[in-house]
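> Everything below, folded, please.
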Amino acid sequence: MCAACLLLLKRITRRAAPISRSPLGSINELFDRIHVQIRSLLEREEGQDLVEYGLLVPLASLAAVTGVRKVADAVNLLYSNISSTL
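Predicted structure coming up:
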């Protein structure tokens, strides 16, 4: 198992109420606790702002590079026209 899965199982079993003595009941209770923990991890929104900014920065830099190239081409064409006129 991966380290994150083992850590999650440790957290679940450590905070858990006593498990019933029947094997089927204990397995169902364990899966219910795992399900609740996974749902809470998926519903968190703590890191979404960072991800959004992480996606926005490369997009803005790509737009800036494209814009600078277009301006550079326009300035180069302008100087070429001036040079050929002289």
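
> where in the chain is pLDDT low?
Per-residue confidence for the chain (pLDDT under 70) gives these ranges: 1-25, 46-48.

> now the helices: where do they sit in it?
If DSSP state H is used as the criterion, the helices of the chain fall at 3-15, 23-43, 48-85.

> With mean neighbour count as extra columns, can I get those helices in CSV?
For the C-beta atoms, the positions are set from N, CA and C on the backbone; glycine is no exception. Shown next, in CSV, are the helices of the chain (neighbours: other CB atoms under 10 Å):
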stretch, mean neighbour count
helix 3-15, 11
helix 23-43, 11
helix 48-85, 10
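
> What distance do you get for Tyr79 to Asp73?
Going from Tyr79 to Asp73 by CB to CB, to the nearest Å gives 11 Å.

> Ok, Glu43 next?
Using CB to CB, Glu43 is found at 49 Å from Asp73.

> what about Thr66, distance to Tyr79?
If you go by CB to CB, the gap between Thr66 and Tyr79 works out to 21 Å.
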